[in-house]
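Student: Fold the following and give me the result.
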Amino acid sequence: QILYNHVKFGDIERTTKTKLRPYLAQLADHPEFSPETARRLGSKAFTKSLTIDAKSLAHFFAHPLNQAIEVIQTLDRDAFAALGAIFASGGRLPSPVQFSAELAQAVTSLGSEERKIPRALEILNDSLVRYSALESEHYWTFRHPTVRDAFAEVIATSPDLVKIYLSGVSVDRIAEEVVCGSIELEGARIRVPASAYGTLVGRIAGLSVQQVSAFIVTRADAQFIHLFLSWYPDYFEKCLYGYLWSPEFRAALNAFARANVLGVLSDTSRSAIAQRLVLYATDEDSPNISVLSDRAALLLLSSDEIVIIEKFIRDDYLPRLDTVIEELRANWEDDDDPDEYFADFVGTLEQLPTVMSLTEVEQRTVRVALMQAEDELDEMRGEYTPRGNDDSDYDRLYDRDRYHSGAAYDRASVEPPRDVFDDIAD
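Tutor: Numbers count the residues shown, from 1 in each chain. I've put the predicted structure just below:
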């Protein structure tokens, strides 16, 4: 019914509707069918150069972005700039249009003038753009997200239009397609000059910590990172007060390490981060010595700070391993998995010889502690009582077979339906 209505009442010629009729039933079942593509099939703007045969129509439905790109590339300058005005406004252009200095510059860059944009928007209304009025809010938007994406594709290849691209493209695409300055990265489509870093910083700040960190580590140069950290000094630091090696902590550490290597992390910030790492590594109950093997952490710790961690392990932690094991055993509850319960402790001892140089006496201390831990684990495994998880009533209460019962449907007794597209051109 959706396809019928869009073709029947669209603005394409009657002769075009007649040519389309033999293919419409199959197109209605196309796996890539969408109401927007159905609307486009009934629109002159999208079908004026369309060849009407099975292959071309299947391609039309399978590649809606390509259709929009082809249409946008044929627009006159004013219509193209009108799309650019919406794009540069984040996809929502207030009406009547108020031209800020940035928006006026965008329109000029796209080859048009401010006074021509309102009329161009009216002409594009209900084909590529849509006028919306909600209570006191009136604005122009793209008719469909693929129009925005197609416009981004068209301007992405022009270095002169980078700022417009950054203003309107989705922030996720920025994270996947953009590099700063002279950074080389396979698959990057857009190279952003330093003059546009302000726009870029403002956009990626809306991403998750992990995404921003990945951008900084792989796509950003020193100038961009310095600007980002100066605009958002607390963006990553807040993550360092959470769980050690959580995704957010890891992301923040990687970003700071990159900044430190490039010389744009302040001494104050580096020292504060290092203090957090030392604090984690010298925890009396469970020291996180993985700090000493983590590449990002080592890029942030000074030699003196590493010495502090190693001194704690030698002078404080190793001499009291017996006590640590006793406390772990005393605090264990018999419904906790023993191996999971002891995993951090055992992992720390097993890793210790790989992150720092131990004397023979220290190595022996570690081996003895591991044997003691295994003895305790043997006893605990025998006492372990897993928590119950009784699903015995599930199958009795939920009889899935009842959904597959019922009389067979006699298809042969049903008359074939009339083709709903018979009168499409009438």
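
Student: Name the nearest residue to residue 86, ignoring sequence neighbours.
Tutor: residue 93 (4.6 Å; Cβ to Cβ, 6 or more residues apart in numbering). For glycine as for every other residue, the C-beta is placed from the backbone atoms N, C-alpha and C.

Student: Quick check: what element follows the strand or helix carrying that neighbour along the chain?
Tutor: Per DSSP states H and E, residue 93 falls inside strand 92-94. Once the chain leaves strand 92-94, the next helix or strand it forms, by DSSP H and E, is helix 101-109.

Student: now the helices: where do they sit in the stretch 151-300 of the chain?
Tutor: 162-168, 171-177, 197-204, 209-219, 222-231, 247-261, 267-281, 295-298 (DSSP state H, counting those that start in this stretch).

Student: now the most centrally placed residue in the chain: how far from residue 129?
Tutor: Compute the mean C-alpha point of the chain, and by Cα atoms, centre = their mean the closest residue is residue 172, 5.5 Å away. According to Cβ to Cβ, to the nearest Å, residue 172 stands 23 Å off from residue 129.

Student: Neighbours of the closest residue to residue 291 other than its chain neighbours, how many?
Tutor: What sits nearest to residue 291 in space, not counting adjacent residues and going by Cβ to Cβ, 6+ apart, is residue 281, at 4.2 Å. Residue 281 has 24 neighbours, counted by other Cβ atoms under 10 Å.

Student: Also residue 8?
Tutor: 16.

Student: and if you look at residue 175?
Tutor: Residue 175: 17 neighbours (other Cβ under 10 Å).

Student: And the nearest residue to it once chain neighbours are set aside, how far from residue 149?
Tutor: Among residues not flanking residue 175 along the chain, residue 211 sits closest, at 5.2 Å (Cβ to Cβ, 6+ apart). Distance of residue 211 to residue 149, given as Cβ to Cβ: 19 Å.

Student: and the strand holding residue 93, average pLDDT?
Tutor: Mean pLDDT, computed over strand 92-94, is 92.

Student: how far is that strand from where the chain is centred?
Tutor: 25 Å (Cα atoms, centre = their mean, to the nearest Å).

Student: Can you mark which positions in that strand are buried?
Tutor: residue 93 (16 or more other Cβ atoms under 10 Å).

Student: And for that strand, what's in contact with it?
Tutor: 85-86, 121, 137-141 (Cβ atoms under 8 Å, 6 or more residues apart in numbering).

Student: mind listing what residue 245 touches?
Tutor: Counting by Cβ under 8 Å, 6+ apart, residue 245 has contacts 288, 290.

Student: Could you report the pLDDT at it?
Tutor: According to the model, residue 245 scores 79 on pLDDT.

Student: Distance check, residue 307 against residue 356.
Tutor: With Cβ to Cβ as the criterion, residue 307 and residue 356 are 10 Å apart.

Student: Between the two, tell me which one has more neighbours.
Tutor: Set residue 307 next to residue 356 and count neighbours by other Cβ under 10 Å: residue 356 wins out with 16 against 11.

Student: Quick check: the residue nearest to that one when sequence neighbours are not counted vs residue 169, distance?
Tutor: Among residues not flanking residue 356 along the chain, residue 310 sits closest, at 5.2 Å (Cβ to Cβ, 6+ apart). Note on residue 310: its distance to residue 169, by Cβ to Cβ, is 49 Å.

Student: ok, those two, which is more surrounded?
Tutor: Counted by other Cβ under 10 Å, residue 310 and residue 169 do not tie: residue 169 has more neighbours, with 24 against 17.

Student: all helices for the stretch 301-426 of the chain, in order.
Tutor: Under DSSP H, counting those that start in this stretch, the stretch 301-426 of the chain gives helices at 303-312, 321-331, 338-355, 360-383, 394-397.

Student: so which of those gets nearest residue 250?
Tutor: helix 338-355 (17.2 Å; Cβ to Cβ).

Student: Report how far apart the opening and closing residues of stretch 90-101 are.
Tutor: Length of stretch 90-101, first residue to last, Cα to Cα, to the nearest Å: 16 Å.
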